[in-house]
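Participant: one predicted model, sequence on top.
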Amino acid sequence: MTGLIYHFINMPAAATMIQFNEYNLGSSSSELSLDTREDNQLATLEMIRQARLRVEIASRDLDPAVYDQPELIDVFRNMILENRRARIRIIVFDAQALARRGHQLLKLAGDLSSFIEVRQGSSEHDQYSEAMLVADECGYIHRMLWNRYEANANFNDRHQCKPLLNTFETMWDHATPSVYLRRLSI
């Protein structure tokens, strides 16, 4: 009998997949816990797909597993083509490495520089170890450690977006255009 209990207790739990397409930017207020790269990819894709006006991203390396994906690049492009008032602002901390790698989002920023602006984070924010995405001032994905995929996300939490946007604005005000990022637009 104890053997059966042991095996039952140690059976792997069925993976719970979050259906991100069931969440609506600006109306779905459930707090989501993301644990994997795939969760981050899918949440980011769906949040950007629904964004209409603004996206702010702060990321040390603009995580290629999340942001350098062809489908996401198309979603960013469509966002801009569907709304000529759309603005995307991105802060990175190692622009040289991103330019050297040929990150597709940076190439898109070079092609659509009137809509997408990328800046190099200043040295005073070098210790920033988080990663954030805020969409239309209401949805967010926030990783406390930029190099880990554990994150909190919410498609409608303006209260939580406010401090994230305040942090972003402070970093943005001190960030500068990078020679490595401008080279992509030539």
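Facilitator: Okay, I see it. Every value quoted in this text rests on a predicted model; they were computed, and no experiment measured them. Residues are numbered from 1 along each chain as shown.
Participant: pLDDT weak spots in the chain?
Facilitator: For the chain, the stretches with pLDDT under 70 are 1-16, 180-186.
Participant: center of the chain, which residue is that?
Facilitator: The centre of the chain sits closest to Leu133, judged by Cα atoms, centre = their mean, with a distance of 4.0 Å.
Participant: and Ile57, that's in a strand?
Facilitator: Yes: under DSSP: H, G, I helix; E, B strand; the rest coil, Ile57 sits within a strand.
Participant: that one: what's it in contact with?
Facilitator: 67, 88-91, 132-134 (Cβ atoms under 8 Å, 6 or more residues apart in numbering). Using the backbone N, CA and C atoms, a C-beta is placed for each residue, glycine as well.
Participant: contacts only, for the residue nearest to the centre of the chain.
Facilitator: Counted by Cβ under 8 Å, 6+ apart, Leu133 has contacts 44, 47-48, 55-57, 140-142.
Participant: and the contacts of Ile57 as CSV, adding secondary structure and distance to Ile80?
Facilitator: Below are the contacts of Ile57 laid out as CSV (DSSP: H, G, I helix; E, B strand; the rest coil; distance: Cβ to Cβ, whole Å):
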residue, secondary structure, distance to Ile80
Tyr67, helix, 16
Ile88, strand, 8
Arg89, strand, 13
Ile90, strand, 14
Ile91, strand, 19
Met132, strand, 21
Leu133, strand, 16
Val134, strand, 17
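Participant: for Tyr149, see how far away the residue nearest to the centre of the chain is.
Facilitator: According to Cβ to Cβ, to the nearest Å, Leu133 and Tyr149 sit 13 Å apart.
Participant: now Gln41
Facilitator: Distance check for Gln41 against Tyr149: by Cβ to Cβ, it reads 9 Å.
Participant: and Asp126, by the same measure?
Facilitator: According to Cβ to Cβ, Asp126 and Tyr149 sit 22 Å apart.
Participant: now Gln19
Facilitator: Per Cβ to Cβ, Gln19 is found 18 Å from Tyr149.
Participant: quick one: which of those two has more around it?
Facilitator: Set Gln19 next to Tyr149 and count neighbours by other Cβ atoms under 10 Å: Tyr149 wins out with 18 against 8.
Participant: residues in contact with the longest helix belonging to the chain?
Facilitator: Scanning the chain for the longest helix, with DSSP state H as the assignment, gives helix 158-174. With contacts defined as Cβ under 8 Å, 6+ apart, helix 158-174 is touched by 56, 58, 89, 91, 119, 121-122, 124-125, 128, 132, 134, 137-140, 142, 154.
Participant: now with 10 Å, please.
Facilitator: Helix 158-174 is touched from outside by 26, 29, 31, 54, 56-58, 89-91, 93, 117, 119, 121-125, 128, 130, 132-142, 152, 154, 157, 175, with contacts defined as Cβ atoms under 10 Å, 6 or more residues apart in numbering.
Participant: having no further points to raise, I will conclude here.
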